[in-house]
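Participant: Got a predicted structure here, sequence first:
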Amino acid sequence: MRPNPDAHPSQFRLFAFGPDEILERNEIAHDTVVDARKRFPIIWVDVDGLSDIGAIRELGEEFDLHGLALEDVVNVHQRPKAEDYDSSLFVVLRMPEIGNRVSTEQMSMFIGDGFVLTFQETPGDWFEPVRQRIRDPRSRLRVNGADFLAYTLIDAVVDAFFPILEDLGEQLEDLEQDIMEDPRHEHIPLIHQLRRDLLMVRRAVWPMRELINSLLRDDHPSIDTKTQLFLRDCYDHTVQLMDMVDTNREIISGLVDMHLSAASNRMNEVMKVLTIIATIFMPLSFIASLYGMNFDPSKSPWNMPELDWRYGYPFVIALMASVTGGMLIYFRRKGWLGGKRASKAHQRVTEREKRDTPDSKAQ
Amino acid sequence: MRPNPDAHPSQFRLFAFGPDEILERNEIAHDTVVDARKRFPIIWVDVDGLSDIGAIRELGEEFDLHGLALEDVVNVHQRPKAEDYDSSLFVVLRMPEIGNRVSTEQMSMFIGDGFVLTFQETPGDWFEPVRQRIRDPRSRLRVNGADFLAYTLIDAVVDAFFPILEDLGEQLEDLEQDIMEDPRHEHIPLIHQLRRDLLMVRRAVWPMRELINSLLRDDHPSIDTKTQLFLRDCYDHTVQLMDMVDTNREIISGLVDMHLSAASNRMNEVMKVLTIIATIFMPLSFIASLYGMNFDPSKSPWNMPELDWRYGYPFVIALMASVTGGMLIYFRRKGWLGGKRASKAHQRVTEREKRDTPDSKAQ
Amino acid sequence: MRPNPDAHPSQFRLFAFGPDEILERNEIAHDTVVDARKRFPIIWVDVDGLSDIGAIRELGEEFDLHGLALEDVVNVHQRPKAEDYDSSLFVVLRMPEIGNRVSTEQMSMFIGDGFVLTFQETPGDWFEPVRQRIRDPRSRLRVNGADFLAYTLIDAVVDAFFPILEDLGEQLEDLEQDIMEDPRHEHIPLIHQLRRDLLMVRRAVWPMRELINSLLRDDHPSIDTKTQLFLRDCYDHTVQLMDMVDTNREIISGLVDMHLSAASNRMNEVMKVLTIIATIFMPLSFIASLYGMNFDPSKSPWNMPELDWRYGYPFVIALMASVTGGMLIYFRRKGWLGGKRASKAHQRVTEREKRDTPDSKAQ
Amino acid sequence: MRPNPDAHPSQFRLFAFGPDEILERNEIAHDTVVDARKRFPIIWVDVDGLSDIGAIRELGEEFDLHGLALEDVVNVHQRPKAEDYDSSLFVVLRMPEIGNRVSTEQMSMFIGDGFVLTFQETPGDWFEPVRQRIRDPRSRLRVNGADFLAYTLIDAVVDAFFPILEDLGEQLEDLEQDIMEDPRHEHIPLIHQLRRDLLMVRRAVWPMRELINSLLRDDHPSIDTKTQLFLRDCYDHTVQLMDMVDTNREIISGLVDMHLSAASNRMNEVMKVLTIIATIFMPLSFIASLYGMNFDPSKSPWNMPELDWRYGYPFVIALMASVTGGMLIYFRRKGWLGGKRASKAHQRVTEREKRDTPDSKAQ
Amino acid sequence: MRPNPDAHPSQFRLFAFGPDEILERNEIAHDTVVDARKRFPIIWVDVDGLSDIGAIRELGEEFDLHGLALEDVVNVHQRPKAEDYDSSLFVVLRMPEIGNRVSTEQMSMFIGDGFVLTFQETPGDWFEPVRQRIRDPRSRLRVNGADFLAYTLIDAVVDAFFPILEDLGEQLEDLEQDIMEDPRHEHIPLIHQLRRDLLMVRRAVWPMRELINSLLRDDHPSIDTKTQLFLRDCYDHTVQLMDMVDTNREIISGLVDMHLSAASNRMNEVMKVLTIIATIFMPLSFIASLYGMNFDPSKSPWNMPELDWRYGYPFVIALMASVTGGMLIYFRRKGWLGGKRASKAHQRVTEREKRDTPDSKAQ
């Protein structure tokens, strides 16, 4: 077991409590721990930062943890999972990092008889409310067992994903609004980034769902049936998270379609302007060039007699005007020029809404 | 348990009834409820709007409801689910909001021995026909148990999705018609909206299917086997709803393809007009410019002798006409100009239809 | 139970038969039915059109049918399903309508001890061959039980989908051929229509597969194990139908890709023509315009001395010809002009085919 | 049981053998068969071509085959399946046709006590090596039972798909190479054809996998456990075939993406050429036209005095050259002209390869 | 059993060891092996290169290996699988080739009572660290059984895929960066290559996951329950590998979308330049051509009187300038010219980031 060279320095927090008393320390000296285990029914050791391998190993010996599990604590790229060992239940979770929406840190936990040990990868966590509740003598945490504390911590980790998903959902709605109003190429990397973020949440939550389901379904000596009732709630939350992720992913697919369609629509608009301009001015320029040819009407009566007409020039201008007019009529028929009639589907939507709203009010 | 700040004010409705008698109140004072439970075999308390936490808590005590379930009643973003507690079966459903096609409200229900409690998020519901049937002394509701009332309410919630899906289906057909006739960019946000609405229905109905299936399959003390027979029907409806959702989603995918193809087809048309115009007028303009060059035939016999020909100008006009004619022939060969032959596939479809119709009539 | 306002008028057909005798009536008066049930081992009542609610209710009483099932008979948008009731097995199927490829009607069936009742939504059915076989005294139908008759009818319904799918498959092949030869925008609605038709078949056949599988797997009192052996065949057919549907759906996806690629290919062709024309004539026109400028060589020796050259005009024409030639060489190098070399992959396909054919013949 | 009108004429081959003796006949007269069954432990009757219904029916009686199974032998569009009948195990396989890569024929087989009957749809098969092994007195086939012969035949059918898939894989690689070098529209029908071929293989192999798995898993009286060990190998082969099919289908999807991207890339190239030409020559032509206007500087000092300048013409030419130069600089900045810098990703790939190769060699 | 003609020459390595002693040889002569099996509790024979069929057959006899398994050793296109034979457990794995990221070689292994045999396809392997650990007298490998050695080898094979996937992930990130900055057509083959590489890893790892799961779940006589605990870790790694593969495949799909969108965006840019140029210069050129017509104002007062105006030429120039100005205003309104306002979504992202960062720090 080697420390990860990038590991954060370790900080320790020890909570030991029973219904009436509570002890809070920022160190985990051997004597303190032994003493606390004797005096209090529940003890929670929280290690934040994994560089102090020595202390972790000592905890392992003190609480009789399995070597394989301890290795997984230090190698921080584990997938969420739950494993039963003789002395304790080992659970690995992924927790969103505080202040960095798009990455997760590993949170490992041992749940045993009268103790919960937690190991976090980076400083900062989502457990402050839990600590407050422990300090409150009327809290349920004070009277329930270690498994209830473990449930509370798992619940805190799962619930930490909700604000992230809500934030992603809001961004998605902003983006949707934006793309409808004015789709731009810059939206595509944003879409891509949202998709990556959703994948990240999915990779963290999906195995946590499996894990909590296995805690619910299987018989773990460290988990009470009463606590399983609470875990059912926690499981519902993971299902709901997956639901939100999947819905958002489908909406993102729709956005990409919408963006592609908008891009091709805009290209169409550009092409229409070009075509209209070219189609009007090319014939006009041709007529003008025609009368710029150096055939001299004075040399042969066949040579552009218009040049000698009294109203030759107005005639040519009139010809050009009529060509332009004809083109404009053609474009209007093709629907390439202004006058956007509302499409039938839109009309029907509007009618339907008119029809619906008063009805429902009246009911 | 804290009230949601956005919760609607609570309204109460109490139905208590047996085969012969019925009591209807708009309040749920403790004495009224206690008295009604004694006198009537079935009691239905309906709470519409969740701001009156006190009354909800009182109901919880009166009917011995589990605290976790009551929390879920007030936190209105639950996924549909069914949970067995000692005293009652707790069911969460999602119900389309009256007068707002695209959102759902939470409908929580407790089914116990002789009582049904329902909690709705927003005012207005789909239960008016059920209330009418309760008031009708010949109704089956009057003689069956509380679980039959619960079934009737679940059925009302499930069936409320049918008009929504039919409405979405109609919109989809309108849209299909529209896109075939005249595809426009404005259709894309409509398509996207329909897809979102379908996702919303899917998210509500899918877990309700699971839930009703579990009511059917598992042994719930509050649900009679006779009522399970009726729930089977209800389950069929959820399956049918999912079927409609999935079919419509596939049709939407097809519409997006159709729209993209139409857009690229239109671009093609625009490009063809541009190309035809440019290809005809560029050579013509070039010829005209050629004879606009200031080479003077009087200075050198090599300088554009056509300018001195008697029929020089008609010759040039004829040259231009033949260039134009050649181009038009080329375009017609390429099939870029009018004369749309019906495609073979269309011909065959027509033939097949001719062949089929009389045959089948004759049978 | 209310009649559907769009229900067709009811027509009745009664078959009662045993190994030796047969009775055929076009009415189902109470006495006739009672008498027939006494005299014949098997009785088949076929109701075509569901407007005569009274007669249907009477049949329900006569054959002791469950009320929920009768409601499903009249509400004709059921999904295919099989439900066991005490007195009979209730089966709902969807049957292609005669003379209308793209829609299905509901066919409900009760299978009981010595009777089969069928209820069809619209006139016309696929059972004429079954009726012929009943009339034939040597037919197996005459000696087997009611469940064998039911199997024969289910088999007729399932097999009625094969000609539809074969027709769709043929249309698909025509379309494929067409799109390869000359892809057009009109093909897209055809593709969309085929996709919808396939979805319709899928929605009808998929639940029938489940249904027949449940008849095979589960123990139904009305279905003999010997008949289950025959139903296995029927199940194989539904699997094969689903197979054909899925294969065709994949081919349709491929067609859409092919169509999109063809459209962009054609756009490319159009653009190339435009670019070639513009790239050749723009420089030529520029040169011509250049010599159309009114700089007079007689005023300054710097003013376009070519105008005074003896061979100035031929020089300019030669200049234009060489510009055109250079452009053509450039386009040929880019491969934008004619001379389609067969692509390597095509060559290899041809070689492979040459190699394969004689080998295999020789074997 | 009616013969298929397109059925090939039947040819018969009879193999009867034991460890020491072997009998080979090209006819299956009743006496020959009866006699062979008495004298030899194993008998294999192979019917190639299904038009001789009489002989097939006679075989059915001789070997006590079930009527339903015999019907499936003659109706040659069965899906691969295995069905247990009292007297024998009935297996339907699909076998690639000799000399026609893209279609399969039905191969039905009965495996019973001491006999194997095979029925093929078209002449030619993949069993020649099996026949050679039977003729070899040292072969395992001579000492094992009929089920081992059946396994050998199934194995031959499954293995016949490998060269087809390898051929498809090679074509795919050729195509990939081609599309990378020079993507053309003609590749799309080739891709579509490959996709169809893969679908065909998938439709044949997928149910064979199920079938062989059921032979492995279930207890069939005709299949020995020792033979099941060999069938496990055969099952692995079908899994591997499906793997190859799925991988190739994913690669095809990638190719379509690549092709679309290449097409849009080429369109981009064409558009750039057009835009560059137009952007350079339109301003030049405009300048030239400007000086072609008939404003006479001798009439007004405001009329294009350049025409009278000594260096007017060179000035205009210089103006044109500077406009062209400016445009070229603009295009080069936009990266539309030559000078393809290697993209960063490519550079990194190259660096990585350099880095990797010697390292790995050194290890 | 025939040797593969492309098989590499065989090299042999024999490790025999117990807690205290160790024997290392580069040959596997019969006597050496027999002797080593007697003297040491564990023996590991490693065959690298499969051309020496004789030696492999001899090993088969010595260790009593099943013939079918030995065939699979030599036919090197097996899918990973685990098969129980009487005397040993046969496992096939696929191992990345040293120095060639994109292909795998077959690694077959027999695990029996006191022995592990490994057969590799090509020279070079990932087992050097394992050999080092064996040589280390304090290693756990020296005291555990043959199954622990087998686990160590499987673990080495599985872990060899991590650097490959990390390398692919890095390439993907480079590519993502590149495509965001400057998407090019050359990226598409790179994307395709990455997709192929991921498919290759998937094809190798997916069945290994199944295989290890079956080793965990089922009862294999050669695998100890204590070793199964370690294999659980190995199984987690395969799950994590599949996770990485699937995430990367989704990211690749997103990249293709991004690339397509970028390509169409660039086309749009090109088209805009063309349209702007054409729309400005076509009217200008037309005006210039107009005044290039040879209508002589001296012949008729109707003939372009501007030509005779004192300020005619400045008037025309002003006209042209105003047309150009009008066009530029039009383009600016359309947003086709410079001045990229940041899109709203981007603004909101920036705001959100500002808001988030200090908050989180403060916590």
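Facilitator: Arrived safely.
Participant: which residues in the stretch 201-350 of chain A form helices?
Facilitator: If DSSP state H, counting those that start in this stretch is used as the criterion, the helices of the stretch 201-350 of chain A fall at A:225-290, A:312-334, A:344-362.
Participant: just those helices: most buried one?
Facilitator: Between the helices of the stretch 201-350 of chain A, the one whose residues have the most neighbours on average, counting mean count of other CB atoms under 10 Å in any protein chain shown, is helix A:225-290 (a mean of 20). (C-beta placed from N, C-alpha, C; glycine too.)
Participant: Out of the helices of the stretch 201-350 of chain A, which is closest to B:N248?
Facilitator: Taking CB to CB as the measure, the helices of the stretch 201-350 of chain A were each checked against B:N248, and helix A:225-290 came out nearest at 13.6 Å.
Participant: can you tell if that closest one touches chain B?
Facilitator: Yes: under the criterion of CB under 8 Å from any CB of the partner chain, chain B is reached by helix A:225-290 at A:229-230, A:232-233, A:236, A:239-240, A:243, A:247, A:250-251, A:254-255, A:257-258, A:260-262, A:264-265, A:267-268, A:271-272, A:274-275, A:278-279, A:282-283, A:285-286, A:289-290.
Participant: what about that helix, distance to the chain center?
Facilitator: For helix A:225-290, the distance between its averaged C-alpha position and the chain's averaged C-alpha position is 17 Å (CA atoms, centre = their mean, to the nearest Å).
Participant: My guess is A:G49 contacts A:Q11. True?
Facilitator: Yes: counting by CB atoms under 8 Å, A:G49 does reach A:Q11; the two are 5.8 Å apart.
Participant: related to what we said a few turns ago, and chain D, which of the residues of helix A:225-290 next to chain B reach it?
Facilitator: Restricting the residues of helix A:225-290 next to chain B to those touching chain D (CB under 8 Å from any CB) yields no residues.
Participant: How many neighbouring residues does the residue in chain A that chain C sits nearest to have?
Facilitator: Closest approach of chain A to chain C (CB to the nearest CB) occurs at A:G292, with a separation of 6.8 Å. Here the neighbour count serves as a burial measure; for A:G292 (other CB atoms under 10 Å in any protein chain shown) it reads 26.
Participant: pLDDT wise, what is it at?
Facilitator: At A:G292, the model reports a pLDDT of 88.
Participant: In contact with it: list those residues for me.
Facilitator: Neighbour list for A:G292: B:288-289, B:292, C:292, D:292, E:289, E:292-294 [criterion: CB atoms under 8 Å, 6 or more residues apart in numbering or on different chains].
Participant: Also A:Q240?
Facilitator: Applying CB under 8 Å, 6+ apart, the residues contacting A:Q240 are B:77-79.
Participant: Report the separation between the nearest residue to A:Y311 once chain neighbours are set aside and chain B.
Facilitator: Closest residue to A:Y311 apart from its sequence neighbours, by CB to CB, 6 or more residues apart in numbering or on different chains: E:W302 at 5.7 Å. E:W302 sits 22 Å away from chain B, taking CB to the nearest CB, to the nearest Å as the criterion.
Participant: I figured E:W302 hits A:L307, correct?
Facilitator: No: at 11.9 Å, E:W302 and A:L307 do not qualify as touching, with contact defined as CB under 8 Å.
Participant: Among those two, which residue is more densely surrounded?
Facilitator: A:L307 (22 against 16).
Participant: Nearest residue to the more buried one in space, please, no chain neighbours.
Facilitator: Of all residues not flanking A:L307 in the chain, A:P297 sits nearest, at 4.8 Å (CB to CB, 6+ apart).
Participant: neighbours of the one you found, just the number please.
Facilitator: Under the neighbour criterion other CB under 10 Å, A:P297 is assigned a count of 19.
Participant: Need the pLDDT of it.
Facilitator: The predicted local confidence for A:P297 is 83.
Participant: Would you check that it makes contact with A:P305?
Facilitator: Yes: under the criterion of CB under 8 Å, A:P297 makes contact with A:P305 at 5.7 Å.
Participant: about what we covered before: overlap in contacts, A:G49 and A:Q11.
Facilitator: Shared contacts of A:G49 and A:Q11, defined by CB under 8 Å, 6+ apart, are found at A:P123.
Participant: and the closest residue to A:M293 other than its chain neighbours, what does it touch?
Facilitator: When the adjacent residues along the chain are set aside, A:M293 lies closest to B:Y291, with 3.8 Å between them (CB to CB, 6+ apart). Residues in contact with B:Y291 (CB under 8 Å, 6+ apart) are A:293-295, B:304, B:306-307, B:316.
Participant: same deal with A:N144?
Facilitator: Residues in contact with A:N144 (CB under 8 Å, 6+ apart) are A:T227.
Participant: Please apply the same query to A:V239.
Facilitator: Residues in contact with A:V239, defined by CB under 8 Å, 6+ apart, are A:209, B:79.
Participant: I'd like to know how far it sits from A:N213.
Facilitator: In this structure, A:V239 and A:N213 are 9 Å apart, going by CB to CB, to the nearest Å.
Participant: again, but for A:F286
Facilitator: Taking CB to CB as the criterion, A:F286 is separated from A:N213 by 77 Å.
Participant: Nearest residue to the residue of the stretch 51-200 of chain A at minimum distance from chain B in space, please, no chain neighbours.
Facilitator: Among all residues of the stretch 51-200 of chain A, A:M180 sits closest to chain B, at 5.3 Å; criterion: CB to the nearest CB. Nearest residue to A:M180, sequence neighbours excluded (CB to CB, 6+ apart): B:P189, at 5.3 Å.
Participant: any idea how far the one you found is from chain E?
Facilitator: For B:P189, the distance to chain E under the criterion CB to the nearest CB works out to 16 Å.
Participant: which SS state does that residue fall under?
Facilitator: B:P189 falls in the helix class when you classify it by DSSP: H, G, I helix; E, B strand; the rest coil.
Participant: Next: A:I43.
Facilitator: The three-state assignment at A:I43 reads strand, by three-state DSSP.
Participant: I figured it was touching A:L14, is that so?
Facilitator: Yes: using CB under 8 Å, A:I43 and A:L14 qualify as a contacting pair, with a distance of 7.2 Å.
Participant: okay, and the common contacts of the two?
Facilitator: A:33, A:36.
Participant: Which one's more surrounded, those two?
Facilitator: In terms of neighbours (other CB under 10 Å), A:I43 is the more surrounded of A:I43 and A:L14; the figures are 23 against 19.
Participant: Give me the nearest residue to A:T122, chain neighbours excluded.
Facilitator: Closest to A:T122 by CB to CB, 6+ apart is A:E105, at 4.8 Å.
Participant: near chain E at all, stretch A:269-276?
Facilitator: Yes: part of stretch A:269-276 sits near chain E under the criterion CB under 8 Å from any CB, namely A:270-271, A:273-274.
Participant: Output the residues you listed as a markdown table; include the columns pLDDT.
Facilitator: Listed next are the residues of stretch A:269-276 next to chain E as a markdown table, based on pLDDT from 0 to 100:
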| residue | pLDDT |
| --- | --- |
| A:V270 | 87 |
| A:M271 | 87 |
| A:V273 | 89 |
| A:L274 | 90 |
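Participant: Please identify which pair of those lies farthest apart.
Facilitator: Among the residues of stretch A:269-276 next to chain E, A:M271 and A:V273 lie farthest apart (CB to CB), at 7.4 Å.
Participant: Please work out how many residues are found near A:I188.
Facilitator: With other CB under 10 Å as criterion, A:I188 counts 26.
Participant: Poorly predicted segments of the stretch 51-200 of chain A, please.
Facilitator: Applying pLDDT under 70 to the stretch 51-200 of chain A picks out residues A:99-102.
Participant: Sheet partners, orientation included, of the one helix or strand A:E105 maps to?
Facilitator: Per DSSP states H and E, A:E105 falls inside strand A:104-112. Strand A:104-112 has the following strand partners under DSSP bridges: strand A:88-96 (antiparallel), strand A:115-120 (antiparallel).
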